[in-house]
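Novice: Can you look at this prediction? I've put the sequence above it.
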Amino acid sequence: MKWIVISILLSTALLLPSLAAPPSSTAEIIDGVIAVVNGEPITFYELEKGEQLFRSQYPASAFSEMDEAEIQANVLRQTINSRLIGQEAKAQGMEATDEEIDVAINEILDRNGITRETLKASLEEEGVVFDEYRGQIAEELTKSKIIQMKVRSKIDLSEDKLREYYLNNQDRFKMEKGVRLRHIIIPVAQEAPPAEIEKAKAKIDEAHEALTAGEPFEQAAMKYSEGHTARGGGELGFFAEGKLHPVFEKAIAGLEPGQFSDVIRTPSSFQILQFVERTEDEVRRFEKVKDDIRRALFEQESERGFNQWIKELYRDAAIEVLQ
């Protein structure tokens, strides 16, 4: 299991000044330092660790059109972002408390359905000691605090702004007749070795048992699902009437909103579907979509504000990339 720190920076696309690609050979790097940010060095080792984390967050296909220099330049830029944010947090006297770190780690354990001992063992397999992991969590929490203060706390989304967006974007809220679904998926081909099929079936059965015991579907999806939708609680989206595969139509027949299906076997996976809602031909009412609008606008404003703030940090910083 790959260890994952709560990443604020590596998953964010930023519109920032471009940086020259870092050297491909350590021989070109003075004493292993690849950049200096306000007097603080960034080492080639840090860049390598950052690239490993960056690659672990996306499928290999995401890098098919990027060469190594592009990836390293991207990671270096993000590492500089991280250093600037950390320096700003330090200047503001911000740091994560032990209690906040413990809460964050417990949330990670709950979300992945593992014990602290299992986490420590997994970290050791990756060559990471628990104190180092705890330190990474502390750094990310501290950065999250400064981002909250400098960016997110300044976002004002009044009811009038939400309604204005709703009225100006009616087409976005038109709904055809159909269904909205979530799923939990464990990929395994029908021609896979019996041991792999047995392992996948055991995991989907475990997920079904958890749902039957009352675990919320979105939480179970994040814990058990192995598809790209897992991070979003298994959200599959909307399917217009007649567009859903007959196997899935049969699986959700008779379900009420919020209920879930039995385990479904497809040629490439085991799945469990949740029937979220059925829609008619209509424009969804403002009250039904208000929270969705708020979340979408908040993320838009957060990204815009974050990019502007980072640009200001760059403007005021002394940054040297060593060639």
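Specialist: Cool, got the structure. Owing to the predicted nature of the structure, the values given are computational and were not obtained by experimental measurement.

Novice: pull the CA atoms of stretch 115-123 into PDB?
Specialist: Extracted C-alpha coordinates of stretch 115-123, given in PDB (Å, rounded to 0.1, in the frame of the first residue of the first chain):
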ATOM      1  CA  THR A 115      -4.900   0.000  12.100                       C
ATOM      2  CA  ARG A 116      -2.000   2.100  13.200                       C
ATOM      3  CA  GLU A 117       0.200  -1.000  13.300                       C
ATOM      4  CA  THR A 118      -0.800  -1.800   9.700                       C
ATOM      5  CA  LEU A 119       0.100   1.800   8.600                       C
ATOM      6  CA  LYS A 120       3.500   1.600  10.400                       C
ATOM      7  CA  ALA A 121       4.200  -1.700   8.700                       C
ATOM      8  CA  SER A 122       3.300  -0.300   5.300                       C
ATOM      9  CA  LEU A 123       5.500   2.700   5.900                       C
END
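
Novice: Check what contacts that stretch and list those residues.
Specialist: The contact list for stretch 115-123, computed with C-beta atoms under 8 Å, 6 or more residues apart in numbering, reads 1, 3, 105, 108-109, 112, 114, 129-130, 133. (C-beta placed from N, C-alpha, C; glycine too.)

Novice: Low-confidence ranges, this structure, go.
Specialist: Applying pLDDT under 70 to the chain flags residues 1-31, 57-62, 64, 323.

Novice: for it, what spans make up the strands?
Specialist: All strands of the chain, identified by DSSP state E, fall at 33-37, 40-43, 174-175, 178-187, 235-240, 264-266, 269-279, 282-283, 319-321.

Novice: so where's the longest helix in the protein?
Specialist: Using DSSP state H, we find that the single longest helix of the chain is helix 286-316.

Novice: Would you mind listing the buried residues in it?
Specialist: For helix 286-316, a neighbour-count test (16 or more other C-beta atoms under 10 Å) marks 289, 293, 301-302, 305-307, 309-310, 313-314 as buried.

Novice: same check, this time on stretch 110-125
Specialist: 112-113, 119, 122-123.

Novice: With stretch 126-141 instead?
Specialist: For stretch 126-141, the neighbour count (16+ other C-beta under 10 Å) marks 128, 133-134, 136-141 as buried.
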